[in-house]
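> After the sequence you'll find the predicted model.
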Amino acid sequence: MPKLVEREMFGESAQFKSVLEHVNLVAPADCAVLIQGETGTGKELIARAIHAHSARSNGPFVTLNCAAIPSGLLESELFGHERGAFTGAFSPRIGRLQSAHKGTLFLDEIGELPLELQPKLLRAVQEQEFEKLGSSQTIRVDVRIVAATNQDLEQMVSERRFRADLYYRLSVFPILLPPLRDRIEDIPVLVRHFVQQFARRMNKTIDGVPQHVIDALCRHDWPGNIRELQNFIERAVLFTEGRLLSPPLPELRRSVVAPSRQTPLTLSEMERVHIRETLEETSWVIGGRAGAAARLGLPRTTLIARMQRLGISRDTPGSRVPRLVMPLAGQMRREDSRPALAHAAGM
Ligand SMILES: Nc1ncnc2c1ncn2[C@@H]1O[C@H](COP(=O)(O)OP(=O)(O)OP(=O)(O)O)[C@@H](O)[C@H]1O
Ligand SMILES: [Mg+2]
(Lines give C-alpha, C1' and ligand atoms only; values in the text may rest on other atoms or scores of the structure.)
(Ligands and ions follow the chains in the order given, each with its own letter.)
Protein backbone atom coordinates (compact mmCIF):
# COMPACT_ATOMS: atom_id res chain seq x y z
CA MET A 1 0.00 0.00 0.00
CA PRO A 2 1.35 3.46 -0.77
CA LYS A 3 2.08 5.39 2.40
CA LEU A 4 0.85 8.71 1.08
CA VAL A 5 -0.92 9.69 4.24
CA GLU A 6 2.06 8.84 6.36
CA ARG A 7 4.48 10.81 4.21
CA GLU A 8 2.42 13.90 3.54
CA MET A 9 -0.15 14.44 6.26
CA PHE A 10 0.72 15.79 9.65
CA GLY A 11 -1.43 16.57 12.64
CA GLU A 12 -1.81 15.70 16.28
CA SER A 13 -5.19 17.07 17.22
CA ALA A 14 -8.05 14.78 18.15
CA GLN A 15 -9.99 16.27 15.21
CA PHE A 16 -7.27 15.37 12.73
CA LYS A 17 -6.89 11.87 14.15
CA SER A 18 -10.60 11.37 13.80
CA VAL A 19 -10.44 12.45 10.15
CA LEU A 20 -7.70 9.87 9.57
CA GLU A 21 -9.82 7.22 11.22
CA HIS A 22 -12.63 8.09 8.84
CA VAL A 23 -10.25 7.87 5.90
CA ASN A 24 -9.17 4.50 7.21
CA LEU A 25 -12.74 3.30 7.31
CA VAL A 26 -13.97 4.69 4.05
CA ALA A 27 -10.96 4.13 1.78
CA PRO A 28 -11.49 0.41 1.21
CA ALA A 29 -15.30 0.68 1.20
CA ASP A 30 -15.56 1.89 -2.42
CA CYS A 31 -18.48 4.22 -1.73
CA ALA A 32 -18.84 7.86 -2.77
CA VAL A 33 -17.25 10.33 -0.37
CA LEU A 34 -17.99 14.00 0.19
CA ILE A 35 -15.17 16.03 1.75
CA GLN A 36 -16.20 19.36 3.21
CA GLY A 37 -13.96 22.04 4.61
CA GLU A 38 -12.79 25.61 4.22
CA THR A 39 -10.22 26.50 1.61
CA GLY A 40 -6.76 25.10 2.28
CA THR A 41 -7.81 22.55 4.92
CA GLY A 42 -6.42 19.60 2.96
CA LYS A 43 -9.43 18.31 1.03
CA GLU A 44 -7.45 17.29 -2.00
CA LEU A 45 -4.82 15.57 0.12
CA ILE A 46 -7.56 13.55 1.82
CA ALA A 47 -9.10 12.66 -1.54
CA ARG A 48 -5.71 11.38 -2.74
CA ALA A 49 -5.25 9.45 0.47
CA ILE A 50 -8.63 7.77 0.04
CA HIS A 51 -7.65 6.71 -3.46
CA ALA A 52 -4.17 5.62 -2.42
CA HIS A 53 -5.55 3.41 0.33
CA SER A 54 -8.31 1.86 -1.72
CA ALA A 55 -8.33 -1.23 -3.90
CA ARG A 56 -8.24 1.19 -6.86
CA SER A 57 -4.83 2.57 -5.96
CA ASN A 58 -3.27 1.10 -9.10
CA GLY A 59 -5.93 2.74 -11.23
CA PRO A 60 -6.00 6.42 -12.24
CA PHE A 61 -6.78 9.34 -9.92
CA VAL A 62 -8.43 11.93 -12.13
CA THR A 63 -9.31 15.44 -10.98
CA LEU A 64 -11.94 17.81 -12.26
CA ASN A 65 -12.30 21.21 -10.64
CA CYS A 66 -15.86 22.29 -11.38
CA ALA A 67 -15.02 25.91 -10.56
CA ALA A 68 -12.06 26.11 -12.89
CA ILE A 69 -13.88 25.22 -16.09
CA PRO A 70 -16.49 27.47 -17.74
CA SER A 71 -19.88 25.91 -17.04
CA GLY A 72 -20.59 25.58 -20.77
CA LEU A 73 -17.61 23.27 -21.16
CA LEU A 74 -18.12 21.19 -18.03
CA GLU A 75 -20.44 18.65 -19.59
CA SER A 76 -17.93 17.84 -22.29
CA GLU A 77 -15.05 17.75 -19.79
CA LEU A 78 -16.92 15.37 -17.57
CA PHE A 79 -18.60 13.08 -20.10
CA GLY A 80 -16.65 13.67 -23.32
CA HIS A 81 -18.09 14.43 -26.74
CA GLU A 82 -18.36 13.12 -30.29
CA ARG A 83 -17.06 15.00 -33.28
CA GLY A 84 -19.48 17.74 -34.22
CA ALA A 85 -21.40 17.57 -30.93
CA PHE A 86 -21.17 21.36 -30.70
CA THR A 87 -19.50 24.18 -32.58
CA GLY A 88 -15.78 23.73 -32.24
CA ALA A 89 -15.94 20.01 -31.46
CA PHE A 90 -13.68 19.05 -34.34
CA SER A 91 -12.53 15.78 -32.91
CA PRO A 92 -14.08 13.32 -30.46
CA ARG A 93 -12.96 13.52 -26.88
CA ILE A 94 -12.95 11.26 -23.84
CA GLY A 95 -14.31 12.84 -20.66
CA ARG A 96 -12.74 12.68 -17.20
CA LEU A 97 -15.30 10.14 -16.06
CA GLN A 98 -14.11 7.71 -18.69
CA SER A 99 -10.44 8.53 -18.02
CA ALA A 100 -11.04 7.57 -14.41
CA HIS A 101 -12.23 4.06 -15.35
CA LYS A 102 -11.06 1.56 -12.70
CA GLY A 103 -9.89 4.48 -10.58
CA THR A 104 -11.18 7.51 -8.72
CA LEU A 105 -12.68 10.72 -10.07
CA PHE A 106 -12.11 13.65 -7.73
CA LEU A 107 -14.76 16.30 -8.33
CA ASP A 108 -13.42 19.41 -6.67
CA GLU A 109 -15.72 22.37 -5.90
CA ILE A 110 -18.74 20.20 -6.58
CA GLY A 111 -20.99 23.04 -5.41
CA GLU A 112 -20.18 24.79 -8.69
CA LEU A 113 -21.60 21.96 -10.81
CA PRO A 114 -24.50 23.50 -12.74
CA LEU A 115 -27.93 22.19 -11.73
CA GLU A 116 -28.70 20.97 -15.23
CA LEU A 117 -25.68 18.62 -15.22
CA GLN A 118 -26.49 17.13 -11.86
CA PRO A 119 -29.00 14.48 -13.00
CA LYS A 120 -26.51 13.19 -15.55
CA LEU A 121 -23.81 12.97 -12.89
CA LEU A 122 -26.22 11.27 -10.50
CA ARG A 123 -26.92 8.61 -13.10
CA ALA A 124 -23.20 8.14 -13.67
CA VAL A 125 -22.60 7.75 -9.94
CA GLN A 126 -25.56 5.46 -9.42
CA GLU A 127 -25.72 3.36 -12.57
CA GLN A 128 -22.12 3.83 -13.67
CA GLU A 129 -23.27 4.71 -17.15
CA PHE A 130 -23.61 7.80 -19.32
CA GLU A 131 -23.53 9.04 -22.90
CA LYS A 132 -20.98 11.36 -24.43
CA LEU A 133 -22.29 14.65 -25.80
CA GLY A 134 -23.68 14.13 -29.28
CA SER A 135 -23.82 10.36 -28.89
CA SER A 136 -26.58 7.92 -28.06
CA GLN A 137 -24.24 5.10 -27.22
CA THR A 138 -24.20 4.27 -23.52
CA ILE A 139 -20.77 3.92 -21.98
CA ARG A 140 -20.27 1.85 -18.87
CA VAL A 141 -17.57 2.75 -16.40
CA ASP A 142 -16.26 1.60 -13.06
CA VAL A 143 -15.44 4.79 -11.20
CA ARG A 144 -15.46 5.88 -7.61
CA ILE A 145 -16.50 9.47 -7.03
CA VAL A 146 -14.88 11.55 -4.33
CA ALA A 147 -16.24 15.08 -4.22
CA ALA A 148 -15.11 18.13 -2.28
CA THR A 149 -16.53 21.52 -1.49
CA ASN A 150 -16.01 24.52 0.73
CA GLN A 151 -19.65 25.47 0.39
CA ASP A 152 -22.49 24.44 2.65
CA LEU A 153 -24.15 21.94 0.31
CA GLU A 154 -26.97 21.22 2.70
CA GLN A 155 -27.86 24.88 2.72
CA MET A 156 -27.62 24.91 -1.07
CA VAL A 157 -30.01 21.97 -1.18
CA SER A 158 -32.51 23.82 1.00
CA GLU A 159 -32.24 26.79 -1.35
CA ARG A 160 -32.67 24.48 -4.35
CA ARG A 161 -29.29 25.43 -5.72
CA PHE A 162 -28.07 21.84 -5.44
CA ARG A 163 -30.13 18.72 -6.10
CA ALA A 164 -31.06 16.80 -2.99
CA ASP A 165 -30.80 13.39 -4.67
CA LEU A 166 -27.22 14.01 -5.79
CA TYR A 167 -26.31 15.46 -2.41
CA TYR A 168 -27.59 12.40 -0.56
CA ARG A 169 -25.86 10.09 -2.99
CA LEU A 170 -22.51 11.86 -2.65
CA SER A 171 -22.71 12.30 1.08
CA VAL A 172 -23.17 8.62 1.88
CA PHE A 173 -19.92 9.13 3.72
CA PRO A 174 -19.17 12.75 4.60
CA ILE A 175 -15.79 13.84 5.90
CA LEU A 176 -15.56 17.22 7.55
CA LEU A 177 -12.15 18.86 7.72
CA PRO A 178 -12.15 21.40 10.55
CA PRO A 179 -10.46 24.76 10.00
CA LEU A 180 -6.94 25.08 11.36
CA ARG A 181 -8.01 27.60 14.03
CA ASP A 182 -10.16 24.83 15.58
CA ARG A 183 -7.23 22.41 15.79
CA ILE A 184 -4.31 24.52 16.88
CA GLU A 185 -2.57 21.44 18.31
CA ASP A 186 -1.74 20.66 14.68
CA ILE A 187 0.15 23.91 14.20
CA PRO A 188 3.49 23.01 15.85
CA VAL A 189 3.82 19.72 13.99
CA LEU A 190 2.83 21.33 10.68
CA VAL A 191 5.31 24.16 11.27
CA ARG A 192 8.04 21.63 11.98
CA HIS A 193 7.21 19.72 8.81
CA PHE A 194 7.07 22.81 6.58
CA VAL A 195 10.27 24.33 8.04
CA GLN A 196 12.12 21.09 7.34
CA GLN A 197 10.63 20.84 3.88
CA PHE A 198 11.49 24.39 2.81
CA ALA A 199 14.87 24.49 4.57
CA ARG A 200 15.84 21.38 2.63
CA ARG A 201 14.66 22.94 -0.62
CA MET A 202 16.44 26.22 0.03
CA ASN A 203 19.56 24.51 1.30
CA LYS A 204 19.42 26.10 4.74
CA THR A 205 20.11 24.69 8.16
CA ILE A 206 17.40 25.64 10.62
CA ASP A 207 17.24 23.67 13.81
CA GLY A 208 14.62 25.35 15.90
CA VAL A 209 11.60 27.59 16.10
CA PRO A 210 11.42 30.05 19.03
CA GLN A 211 8.51 29.37 21.33
CA HIS A 212 7.18 32.91 20.94
CA VAL A 213 6.95 32.28 17.19
CA ILE A 214 4.98 29.09 17.78
CA ASP A 215 2.74 31.02 20.17
CA ALA A 216 2.14 33.76 17.62
CA LEU A 217 1.36 31.18 14.94
CA CYS A 218 -1.10 29.47 17.27
CA ARG A 219 -2.83 32.78 17.95
CA HIS A 220 -3.32 33.63 14.28
CA ASP A 221 -6.68 32.53 12.93
CA TRP A 222 -5.47 31.29 9.51
CA PRO A 223 -8.39 32.07 7.22
CA GLY A 224 -6.46 30.32 4.42
CA ASN A 225 -5.82 27.36 6.73
CA ILE A 226 -2.93 24.96 6.08
CA ARG A 227 -2.10 26.47 2.69
CA GLU A 228 -1.72 29.90 4.29
CA LEU A 229 0.49 28.45 7.03
CA GLN A 230 2.57 26.64 4.42
CA ASN A 231 3.08 29.83 2.39
CA PHE A 232 3.92 31.79 5.50
CA ILE A 233 6.54 29.26 6.58
CA GLU A 234 8.03 29.29 3.09
CA ARG A 235 8.53 33.04 3.37
CA ALA A 236 9.80 32.66 6.92
CA VAL A 237 12.46 30.17 5.84
CA LEU A 238 13.47 32.56 3.07
CA PHE A 239 13.84 35.38 5.61
CA THR A 240 15.81 33.31 8.11
CA GLU A 241 19.53 33.88 8.21
CA GLY A 242 20.48 32.09 11.42
CA ARG A 243 19.64 28.66 12.73
CA LEU A 244 16.40 29.71 14.39
CA LEU A 245 13.35 30.42 12.29
CA SER A 246 12.72 34.16 12.20
CA PRO A 247 9.47 34.77 10.37
CA PRO A 248 8.03 38.15 9.38
CA LEU A 249 5.66 38.11 12.36
CA PRO A 250 4.43 41.70 11.86
CA GLU A 251 2.77 40.54 8.64
CA LEU A 252 0.80 38.09 10.69
CA ARG A 253 0.01 40.47 13.47
CA ARG A 254 -1.72 42.85 11.11
CA SER A 255 -4.29 40.24 10.24
CA VAL A 256 -4.35 38.48 13.62
CA VAL A 257 -4.92 41.09 16.18
CA ALA A 258 -7.94 42.72 14.72
CA PRO A 259 -10.26 40.01 13.34
CA SER A 260 -9.69 37.29 15.91
CA ARG A 261 -10.74 39.44 18.86
CA GLN A 262 -14.28 40.31 19.77
CA THR A 263 -13.27 43.62 21.33
CA PRO A 264 -10.69 45.70 19.51
CA LEU A 265 -7.39 46.46 21.20
CA THR A 266 -6.92 49.92 22.61
CA LEU A 267 -4.08 52.01 21.29
CA SER A 268 -1.93 51.40 24.35
CA GLU A 269 -2.68 47.64 24.22
CA MET A 270 -1.57 47.66 20.58
CA GLU A 271 1.53 49.54 21.57
CA ARG A 272 2.29 47.06 24.33
CA VAL A 273 1.81 44.05 22.01
CA HIS A 274 3.91 45.64 19.28
CA ILE A 275 6.76 46.64 21.58
CA ARG A 276 6.78 43.27 23.33
CA GLU A 277 6.87 41.36 20.04
CA THR A 278 9.61 43.57 18.63
CA LEU A 279 11.63 42.96 21.78
CA GLU A 280 11.05 39.25 21.45
CA GLU A 281 12.25 39.39 17.87
CA THR A 282 15.46 41.12 18.88
CA SER A 283 15.92 38.82 21.89
CA TRP A 284 15.35 41.85 24.14
CA VAL A 285 18.25 43.79 22.71
CA ILE A 286 17.12 47.41 22.93
CA GLY A 287 20.00 49.52 21.59
CA GLY A 288 22.27 49.21 18.60
CA ARG A 289 21.51 49.05 14.90
CA ALA A 290 19.56 45.80 15.10
CA GLY A 291 17.97 46.58 18.46
CA ALA A 292 14.30 47.10 19.18
CA ALA A 293 14.59 50.88 19.50
CA ALA A 294 16.01 51.18 15.98
CA ARG A 295 13.34 48.84 14.64
CA LEU A 296 10.63 50.89 16.25
CA GLY A 297 12.16 54.16 15.09
CA LEU A 298 12.64 55.46 18.64
CA PRO A 299 15.61 56.70 20.63
CA ARG A 300 16.76 54.06 23.07
CA THR A 301 15.83 56.14 26.14
CA THR A 302 12.33 56.83 24.78
CA LEU A 303 11.75 53.12 24.30
CA ILE A 304 12.95 52.35 27.81
CA ALA A 305 10.65 55.05 29.22
CA ARG A 306 7.73 53.70 27.24
CA MET A 307 8.44 50.14 28.38
CA GLN A 308 8.33 51.39 31.96
CA ARG A 309 5.08 53.26 31.39
CA LEU A 310 3.47 50.19 29.79
CA GLY A 311 4.90 47.81 32.36
CA ILE A 312 6.93 45.80 29.86
CA SER A 313 9.97 44.09 31.23
CA ARG A 314 11.74 40.88 30.57
CA ASP A 315 10.45 39.49 33.83
CA THR A 316 6.77 40.00 33.13
CA PRO A 317 4.85 36.78 32.50
CA GLY A 318 5.43 35.44 29.03
CA SER A 319 8.56 37.42 28.47
CA ARG A 320 10.85 34.50 29.22
CA VAL A 321 9.19 32.53 26.48
CA PRO A 322 11.44 33.65 23.60
CA ARG A 323 14.37 31.79 25.08
CA LEU A 324 12.50 28.52 24.61
CA VAL A 325 12.88 26.84 21.28
CA MET A 326 11.03 24.01 19.59
CA PRO A 327 13.79 21.81 18.19
CA LEU A 328 13.48 20.48 14.67
CA ALA A 329 15.41 17.57 13.19
CA GLY A 330 17.82 15.57 15.25
CA GLN A 331 16.02 15.68 18.54
CA MET A 332 12.73 14.85 16.92
CA ARG A 333 11.79 11.23 17.12
CA ARG A 334 9.39 9.78 14.58
CA GLU A 335 6.93 8.50 17.12
CA ASP A 336 6.91 11.86 18.90
CA SER A 337 6.07 13.80 15.84
CA ARG A 338 3.44 11.74 14.17
CA PRO A 339 1.51 9.52 16.53
CA ALA A 340 -1.69 10.21 14.64
CA LEU A 341 -0.35 8.53 11.57
CA ALA A 342 0.05 5.16 13.15
CA HIS A 343 -3.49 4.29 12.11
CA ALA A 344 -2.96 5.49 8.59
CA ALA A 345 0.29 3.65 8.18
CA GLY A 346 -1.42 0.39 8.87
CA MET A 347 -4.02 0.87 6.16
N1 LIG B 1 -2.38 17.48 7.26
C2 LIG B 1 -1.54 18.07 6.41
N3 LIG B 1 -0.21 17.90 6.56
C4 LIG B 1 0.65 18.51 5.70
N5 LIG B 1 0.29 19.29 4.69
C6 LIG B 1 -1.03 19.50 4.50
C7 LIG B 1 -2.01 18.89 5.34
N8 LIG B 1 -3.24 19.27 4.91
C9 LIG B 1 -3.03 20.08 3.86
N10 LIG B 1 -1.72 20.22 3.60
C11 LIG B 1 -1.10 21.04 2.54
O12 LIG B 1 -1.85 22.26 2.49
C13 LIG B 1 -2.09 22.67 1.17
C14 LIG B 1 -3.59 22.75 0.93
O15 LIG B 1 -4.14 21.46 0.92
P16 LIG B 1 -5.25 21.02 -0.16
O17 LIG B 1 -4.90 21.54 -1.51
O18 LIG B 1 -5.46 19.57 -0.02
O19 LIG B 1 -6.47 21.85 0.44
P20 LIG B 1 -7.92 22.08 -0.14
O21 LIG B 1 -8.85 21.93 1.00
O22 LIG B 1 -8.13 21.21 -1.34
O23 LIG B 1 -7.86 23.61 -0.56
P24 LIG B 1 -8.84 24.40 -1.61
O25 LIG B 1 -10.20 24.43 -1.01
O26 LIG B 1 -8.22 25.75 -1.64
O27 LIG B 1 -8.76 23.66 -2.89
C28 LIG B 1 -1.41 21.65 0.27
O29 LIG B 1 -0.15 22.12 -0.10
C30 LIG B 1 -1.27 20.43 1.16
O31 LIG B 1 -0.15 19.67 0.79
MG1 LIG C 1 -8.49 21.79 -3.32
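The structure has been received and is ready for your questions. Ligands and ions are numbered 1, 2, ... in the order given.

> List the residues that contact the residue in the stretch 1-150 of the chain that ligand 1 sits nearest to.
The nearest approach of the stretch 1-150 of the chain to ligand 1 comes at residue 42, 2.8 Å away (Cβ to the nearest ligand atom). C-beta: built from backbone N, CA, C; applies to glycine. Residues near residue 42 by Cβ atoms under 8 Å, 6 or more residues apart in numbering: 9, 177, 225-226.

> likewise residue 178?
Residues near residue 178 by Cβ under 8 Å, 6+ apart: 15, 37, 41.

> Looking at the residues you listed, spot the one nearest residue 173.
residue 37 (14.7 Å; Cβ to Cβ).

> Quick one: neighbours of the closest residue to the closest one other than its chain neighbours, just the number.
Using Cβ to Cβ, 6 or more residues apart in numbering and skipping residues adjacent in sequence, the residue nearest residue 37 is residue 177, 3.1 Å away. The number of residues packed near residue 177 is 23, by other Cβ atoms under 10 Å.

> Next one: residue 177 from residue 188, what distance?
Residue 177 is 19 Å from residue 188, where distance means Cβ to Cβ, to the nearest Å.

> can you map out the helices along the stretch 201-347 of the chain?
211-219, 225-239, 249-260, 267-281, 292-296, 300-310, 334-337, 341-345 (DSSP state H, counting those that start in this stretch).

> Mind telling me which of the ones you listed the model trusts least?
Across the helices of the stretch 201-347 of the chain, helix 341-345 has the smallest mean pLDDT, namely a mean of 31.

> what does this structure put close to ligand 1?
8-11, 37, 39-45, 150, 190, 193, 226-227, 230 (Cβ under 6 Å from any ligand atom).

> Where helices are concerned, which of these count?
Per DSSP state H, helices hold the following members of these: 8, 43-45, 190, 193, 226-227, 230.

> Could you pull up the residues touching the residue nearest to residue 37?
19, 35-38, 41-43, 46.

> out of the residues you listed, which is most surrounded?
residue 35 (29 neighbours).

> Assumed that residue was part of a strand.
Yes - under DSSP: H, G, I helix; E, B strand; the rest coil, residue 35 falls within a strand.

> correct me, but it touches residue 43?
Yes - at 4.6 Å, residue 35 and residue 43 qualify as touching, with contact defined as Cβ atoms under 8 Å.

> For the stretch 1-150 of the chain, which segments count as helices?
Using DSSP H, counting those that start in this stretch, helices in the stretch 1-150 of the chain cover 4-8, 14-26, 43-52, 71-79, 96-99, 118-127.

> Tell me how the chain divides into domains.
If you go by automatic domain parsing, the domain ranges for the chain are 31-178, 181-327.

> centre of the chain versus the longest one, how much separation?
Average the C-alpha atoms of domain 31-178, do the same for its chain, and the two points are 21 Å apart (Cα atoms, centre = their mean, to the nearest Å).

> mean confidence score for it?
94.

> doesn't residue 67 make contact with residue 109?
Yes - between residue 109 and residue 67 a contact is recorded at 3.8 Å, counting by Cβ under 8 Å.

> Of those two, which one has the most company?
Legend: neighbour count by other Cβ under 10 Å for residue 109 and residue 67, higher for residue 109 (18 against 14).

> Give me the phi and psi angles of the more buried one.
phi 50, psi 50 (degrees, to the nearest 10).

> Could you measure from it over to residue 184?
From residue 109 over to residue 184 (counting by Cβ to Cβ), the distance is 27 Å.

> hang on, the earlier thing: the contacts of residue 177 into TSV, with extra columns for distance to residue 167?
Below are those laid out as TSV (distance: Cβ to Cβ, whole Å):
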residue	distance to residue 167
19	21
35	14
36	11
37	16
38	19
41	20
42	22
43	17
46	19
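
> Out of the residues you listed, which is nearest to residue 251?
Checking the contacts of residue 177 one by one against residue 251 (Cβ to Cβ), the nearest turns out to be residue 38, at 20.7 Å.
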